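**Q** This is a predicted model, with the sequence first.
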Amino acid sequence: MVELEKETETAELQRMVAAEEQRARLTAQVHNFMEVCWEKCVDKPGSKLDSRTETCLANCVNRFIDTTLSITHRFAQIIQKGGH
Amino acid sequence: MVELEKETETAELQRMVAAEEQRARLTAQVHNFMEVCWEKCVDKPGSKLDSRTETCLANCVNRFIDTTLSITHRFAQIIQKGGH
Amino acid sequence: MVELEKETETAELQRMVAAEEQRARLTAQVHNFMEVCWEKCVDKPGSKLDSRTETCLANCVNRFIDTTLSITHRFAQIIQKGGH
Amino acid sequence: QVKVQIAVANAQELLQRMTDKCFRKCIGKPGSALDNSEQKCIAMCMDRYMDAWNTVSRAYNSRLQRERANM
Amino acid sequence: QVKVQIAVANAQELLQRMTDKCFRKCIGKPGSALDNSEQKCIAMCMDRYMDAWNTVSRAYNSRLQRERANM
Amino acid sequence: QVKVQIAVANAQELLQRMTDKCFRKCIGKPGSALDNSEQKCIAMCMDRYMDAWNTVSRAYNSRLQRERANM
């Protein structure tokens, strides 16, 4: 009985740690996007984030991910052909 | 007697390690300031550091610390209000 | 006999790890050069790497190493004189 | 415990990056004190940085959900 | 095993840096999709980045050999 | 021993950052050798970088002391 409880606790703890690591990775990724997109989209910070800047930021994240996917895909193709 | 000596030695070692860690943190901070302030204050490096550049560098460190304190203070207020 | 084999294996493994660490350091160094030289030499990426860009990149690596050697040498001299 | 540590690490990272960006944007030649317009600029820059952070974070999360739905 | 891991780490590092550089070079104001010219620019930028990587790597290796010969 | 290692780590960090900054400032298009004016620029840049490092370090230390005195 005690053994089983211990196992459940360990599993629960591992699940929590994994979830937090995942969250930390996502957060690190957001910091990353901010490095690129803050420069691309925000010129002079105004009294509020206007809708044009908001759209630019959301597009920036999505185009950056598109670029990542496109480059990774192309890179995998080059590797498979054994080329370059 | 020997025990006591050992304890003193351990304490002394810990104190030294802590002091060195502290010094390493300060040094890392100076590297950090240099990243910002070298760009802000030194345009073309001349045959000596003129007093205008010296003042600019010292001001840069102090204004950067002011900015850090001001942002941290405001951030703590926002967190406490549970806001944003 | 078995002992000797084990030792040889351990030595072999250590050699491999050292070689890989060395390769990782060289690779990190190439990433480093790329940070500086991509900006200095490649303006608009064209349909191929023209010979002017190629020369610029190779020169960039060599001049960067020259700069490192020159600065390190001068730094050692200053340290020895106990100066600055 | 793990959660709290990561959250603190994230807040520190956010504060550091925000300070760096807003100092660069708001302070031209550093003077003998932060003047009024610099202080206003820093407060505004900070608020916009956090707005932008939230917008970027939301855009990233919805993209992740769309990608997962497509798998 | 060690070799494979380092090679994977290197490919990831390469992909990340390449993405960052090519995004900055090819995308002005990010729009609602990658348009044709942006996509071409990214593909070309990627090929040039890898060419440049090879050139830099070769130049570095031959310099190392020359330095070793002089020692 | 600990002290020496940290000091060495610091010197290496200083040399790397200095090299990076001075290369960027002093070398326009890299040629087939460092010419005379580039070499002079690098030596001068290096000296100024170390002067600046000392100035920044001093300013930081006196600020820390003022902050501690105010606590």
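**A** Perfect, I can see it now.
**Q** neighbours around the residue in chain A positioned nearest to chain B, how many?
**A** Residue nearest to chain B within chain A: residue A:49 (12.3 Å; Cβ to the nearest Cβ). The way it works is simple: take the backbone N, C-alpha and C, and place the C-beta from them, glycine included. The number of residues packed near residue A:49 is 20, by other Cβ atoms under 10 Å in any protein chain shown.
**Q** Who are the contact partners of it?
**A** Applying Cβ atoms under 8 Å, 6 or more residues apart in numbering or on different chains, we find residue A:49 in contact with D:48, D:51, D:52, D:55.
**Q** Kindly indicate whether it is helix, strand or coil.
**A** Under DSSP: H, G, I helix; E, B strand; the rest coil, residue A:49 falls in the coil class.
**Q** And the pLDDT for it?
**A** Residue A:49 is assigned a predicted lDDT (pLDDT) of 89.
**Q** Equivalent analysis for the one 3 residues further on, please.
**A** Reading off the confidence values, residue A:52 has pLDDT 94.
**Q** What parts of chain D come near chain E?
**A** Within reach of chain E by Cβ under 8 Å from any Cβ of the partner chain, chain D has no residues at all.
**Q** what about the closest residue to chain B within chain D, helix or strand, and which?
**A** As assessed by Cβ to the nearest Cβ, chain B sits closest to residue D:30 within chain D, at 4.0 Å. Using DSSP states H and E, residue D:30 sits in no helix or strand.
**Q** ok, the closest residue to residue D:31 other than its chain neighbours - contacts?
**A** With Cβ to Cβ, 6 or more residues apart in numbering or on different chains as the criterion, residue D:31 has its nearest non-adjacent residue at 6.0 Å, and that residue is residue B:59. Applying Cβ under 8 Å, 6+ apart, we find residue B:59 in contact with D:30, D:31, D:32.
**Q** near chain A, anything from the host helix or strand of residue D:41?
**A** Using DSSP H and E, residue D:41 sits in helix D:36-69. Yes: using Cβ under 8 Å from any Cβ, helix D:36-69 reaches chain A at D:41, D:44-45, D:47-49, D:51-53, D:55-61, D:63-64.
**Q** Make a PyMOL selection of the buried ones in the contacts of residue B:59.
**A** Buried residues among these (16 or more other Cβ atoms under 10 Å in any protein chain shown), as a PyMOL selection:
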select buried, chain D and resi 30
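**Q** Centre-most residue in chain A?
**A** For chain A, residue A:29 is the residue whose C-alpha lies nearest the centre (Cα atoms, centre = their mean; 3.7 Å).
**Q** residue in chain D nearest to chain E?
**A** Nearest residue of chain D to chain E, counting by Cβ to the nearest Cβ: residue D:59, 10.7 Å away.
**Q** got a pLDDT number for that residue?
**A** 97.
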